[in-house]
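In: Okay, structure incoming, though there's no sequence with it:
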């Protein structure tokens, strides 16, 4: 059964939240981070994207980058901007947009649960990104950003969440990018939550596979140093926000391809009966929209090659029938001819990238749904890279876990 671990979080003063809160490290580039942090010396971007405080030509894997991140975090936590709770707490985290709301529990999960497949994954991790996150965690002695997990909700957990959110004002309320409202509640009465989650069989990684794996690697390395058994130290736990799966919102993860010759597109058109359309996004599973030479086209994806749960995914059917045989993209994880565009950026971004000449062709996908993610995870399978884009995103800098 799943373990949650209340912890002594570091939270910004309520009047300083707007100064420190920022988007997660992995949704923006270094250049975008530098622009967003310009004139904001206390932004948490200086912790999660510390290269922005160093010369432009520095590698993000340079030792100075990790040292700078640790220095920036230390300075923030020793300032009057942050304060650490004196007792272990459970936090409630709510995200609200004009047409969507999701409320989850911000706590720590167990590295042991990740290692033992109580926390189930659906994507492979890349060694270089694992190494990067692991070094940041070790150097900072902190998990600066939480992982987004989902779970099959129970009446007991829902009751305890609503008991807080419906009877108390939030401790923090912050309006982020795109008008997303971020609210946080806190309680030191943690037993009910710990017991409630102990009845849940599995957690599922929604967003943050590399942070999970890196937390596991950090715990393994530190246990070797101090010879402690698993589960005894604070580094054996990492911060997560647990959202009920029926509240999760998934947007499509779209694709753009750099080099596409006219004859290649002609082959695509002839083999798959592309039709001109004014629709920039598919309206149902099994269809895609294609943008080429300032024109949108629509087509049905061929059926899955077999009955495997992964093969039936749209992203897998795209790979099997188009990306590999037509465009020669065998491994989209490493092929430089393909790039991925999160659905939050919309189809205008696809048009912008192709109209500007940066890419030749764009593919607008229908979003993977949460049931597909759970089915893949339960079968111990892995999705193709960039299959899901969860939105809205958790803000960074609102609650920090140190060890």
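Out: Cool, the structure landed. Since this is a predicted model, take the numbers as computed values, not measurements. Numbers count the residues shown, from 1 in each chain.

In: Identify the residue nearest the geometric centre of this protein.
Out: Taking Cα atoms, centre = their mean, the centroid of the chain lies closest to residue 207, which sits 3.1 Å from it.

In: so where do the helices sit in the stretch 51-200 of the chain?
Out: 63-78, 111-115, 127-140, 155-165, 191-197 (DSSP state H, counting those that start in this stretch).

In: Show the contacting residues for the residue nearest to the centre of the chain.
Out: By Cβ atoms under 8 Å, 6 or more residues apart in numbering, the contact set of residue 207 is 147, 148, 388, 390, 393. In short, each C-beta sits where N, CA and C put it, glycine included.

In: 7 Å instead?
Out: 148, 390 (Cβ atoms under 7 Å, 6 or more residues apart in numbering).

In: What of residue 374?
Out: By Cβ under 7 Å, 6+ apart, the neighbours of residue 374 are 204, 245.

In: Residue 219 against residue 235, yeah?
Out: Yes - the criterion here is Cβ atoms under 7 Å, and residue 219 meets it with residue 235 at 5.3 Å.

In: what is in contact with the two at once?
Out: Common contact partners of residue 219 and residue 235 (Cβ under 7 Å, 6+ apart): none.

In: tell me the domain boundaries of this structure?
Out: Residue ranges for the domains of the chain, per automatic domain parsing: 4-249+392-402, 253-366.

In: Now tabulate those in a markdown table and tack on distance to residue 376 and mean pLDDT.
Out: Formatted as a markdown table, those follow (distance: least, Cβ to Cβ, whole Å; pLDDT from 0 to 100):
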| stretch | distance to residue 376 | mean pLDDT |
| --- | --- | --- |
| domain 4-249+392-402 | 5 | 96 |
| domain 253-366 | 5 | 96 |
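
In: okay, those, which one's buried deepest?
Out: Highest mean neighbour count of these: domain 4-249+392-402, a mean of 18 (counted as mean count of other Cβ atoms under 10 Å).

In: Run me through the strand neighbours of the longest strand along the chain, direction for each.
Out: Among the segments of the chain that qualify as a strand by DSSP state E, the longest is strand 100-110. Using DSSP bridges, strand 100-110 pairs in its sheet with strand 4-5 (antiparallel), strand 90-97 (antiparallel), strand 237-244 (antiparallel).

In: Kindly reformat those strands as a markdown table containing distance to residue 384.
Out: Output for the strands paired with strand 100-110, formatted as a markdown table (distance: least, Cβ to Cβ, whole Å):
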| stretch | distance to residue 384 |
| --- | --- |
| strand 4-5 | 31 |
| strand 90-97 | 27 |
| strand 237-244 | 23 |
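
In: what's the closest of these to residue 403?
Out: Closest to residue 403 of the strands paired with strand 100-110, according to Cβ to Cβ: strand 237-244, at 8.0 Å.

In: picking up where we left off before, of all the helices of the stretch 51-200 of the chain, which one is nearest residue 258?
Out: Closest among those, using Cβ to Cβ: helix 127-140, at 21.0 Å.
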